[in-house]
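> With the sequence up front, the predicted model follows.
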Amino acid sequence: MSEKLEGLKISVVMCTYNGANYLCEQLDSLLAQTYPVHEIIVQDDGSQDNTWTIIEKYATRYPQIKPFHNESGLHGINGNFFSAMNRATGDYIAISDQDDIWEKDKLEIQAQSIGDKMLCSGFSVPFSTDGYPVQSDMRIPNVHLIRDTYICAIPGHSMLFKRQLLAYMQGGETLPLYYDWQILNVAAAAESIVFVDKVLVHFRRHNGAATASRPVGNRLLSGGGWRYVTLSLFRHRELQKEVRRRFTTVLPFLEKLPFSTQSLKDAIYMSRLQLEKGPCSFFKRVVFFIGHSRSLFYAEEPRKLVRWLRAAFFVYSCGYYYRAYIK
């Protein structure tokens with residue numbers, strides 16, 4: 001390992017809550033990293049199972065593990081992660097879930113790849129040991145800010161990022177936007193992301209996971225595809241209310257960022273369009289989406305006409321991301 005790599009101090013941050021079933025496997029994979037870890041911050045949010053006992057046991061054996069226990073009740077996902085990340089002293093922070101398994105060279109690959117970028121990620125492959133359905137997509141994801149404003153294209157557990165990035169998210173624990181969405185959007189606004197075409201994390205899916213969601217096929221001829229189209233069209237007004245509700249938070253978040261990139265300027269303009277009402281604004285959104293069709297979707301669509309048609313329909317389908325909020 002080169003001197004340059006050895007000089008990068010990486011803090012791993014893990015938050016736990018009732019994770020005793022799988023915690024040991026993940027802690028073992030963190031301790032087995034080929035890149036030396038500066039510290040492993042493990043912060044528990046009031047677990048009712050054996051999680052804290054396991055953490056204390058590992059901390060006794062491995063001095064790089066720094067355990068913390070929330071004493072003021074449940075902080076939730078955002079509160080717990082922001083609190084834990086602010087304890088980090090390394091130059092870089094790597095987020096860890098309590099139930100995944102990392103490849104042994106995850107941190108080494110990311111340390112070699114991040115360069116002068118703010119954030120580095122790679123593939124996270126789902127797996128299950130209890131029959132929970134999983135579905136993988138090994139296409140290189142689109143991490144343009146325009147797409148990222150709608151959905152977090154890179155999960156937090158795959159991220160390595162510069163600790164200074166946290167300075168752009170003061171008060172982020174109080175926002176109704178997940179911590180990893182905030183991290184990703186800061187880096188995307190700065191156009192400062194590198195994605196590694198390698199599997200870095202084995203992402204466990206199980207019924208007890210805080211972010212458990214069952215995969216749905218989105219091909220047009222599948223049940224999921226028809227639901228995507230029909231729900232987007234026939235419940236557009238309800239979904240658009242959710243879009244506007246979300247962008248009342250997204251727009252101020254973006255406007256506070258100090259970058260002068262074209263990505264940020266375009267995302268702010270689009271966010272303002274989403275908050276406007278009326279047929280004129282509807283038409284302007286359609287024009288914007290077609291003009292930025294390469295920035296909207298998970299992966300590149302090489303057929304120009306198909307891409308433009310999908311982009312025009314995005315004025316309806318963008319609300320599909322928030323379908324869980326309507327009855």
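Structure received.
> Listing request: residues of this structure with sub-threshold pLDDT.
With pLDDT under 70 as the threshold, the chain has low-confidence stretches at 1-6, 72-74, 131, 206-224.
> neighbouring contacts of the longest strand along it?
Secondary structure assigned by DSSP state E gives strand 193-204 as the longest strand of the chain. By Cβ atoms under 8 Å, 6 or more residues apart in numbering, the surrounding residues in contact with strand 193-204 are 22, 97, 99-103, 106, 109-110, 113-115, 117-129, 140-141, 143, 154-155, 157-158, 184, 187. Heads up, the C-betas are built off the backbone N, CA and C, glycines and all.
> ok, now stretch 296-303?
For stretch 296-303, with Cβ under 8 Å, 6+ apart as the criterion, the contacting residues are 137, 139-142, 146-147, 153, 289, 293-294, 307, 310-311, 314.
> 7 Å instead?
When contacts are taken as Cβ atoms under 7 Å, 6 or more residues apart in numbering, the neighbours of stretch 296-303 outside the stretch itself are 139-142, 146-147, 289, 307, 310-311, 314.
> Give me the subset of the contacts of strand 193-204 lying in strands.
Members of the contacts of strand 193-204 lying in strands (criterion: DSSP E): 101-102, 119-127.
> now, which of these sits nearest His236?
Top of the list for closeness to His236, among those and by Cβ to Cβ, is Pro126 at 30.9 Å.
> Verify the contact between that closest one and Val134 for me.
Yes - Pro126 sits in contact with Val134 when judged by Cβ atoms under 7 Å, with a separation of 4.0 Å.
> list residues touching both of the two?
Listed as contacting both Pro126 and Val134 by Cβ under 7 Å, 6+ apart are Arg205.
> Next, the buried residues of the longest strand of the chain.
Counting neighbours by 16 or more other Cβ atoms under 10 Å, one finds that the buried residues in strand 193-204 are 193-196, 199-204.
> Mind listing residues that contact the strand or helix carrying Gln240?
For Gln240, the element it lies in under DSSP states H and E is helix 236-255. In this structure, residues lying in contact with helix 236-255 by Cβ under 7 Å, 6+ apart are 149, 175-177, 189, 232, 264, 267-268, 271-272, 274-275, 316, 318-320, 322-323, 325-326.
> Neighbours of Arg61, how many?
A total of 8 residues lie near Arg61 under the criterion other Cβ atoms under 10 Å.
> Any chance of the backbone angles for the residue most central in space within the chain?
Centroid check for the chain by Cα atoms, centre = their mean gives Pro155 as the closest residue, at 3.3 Å. Backbone dihedrals for Pro155, given as degrees, to the nearest 10, come out at phi -70, psi 150.
> before we move on, what about the one 10 residues further on?
The main-chain torsion angles of Leu165 are listed as degrees, to the nearest 10 and equal phi -60, psi -30.
> Can you name the residues that contact Ile109?
By Cβ under 7 Å, 6+ apart, the neighbours of Ile109 are 122, 196, 198, 200.
> Many thanks, have a good one.
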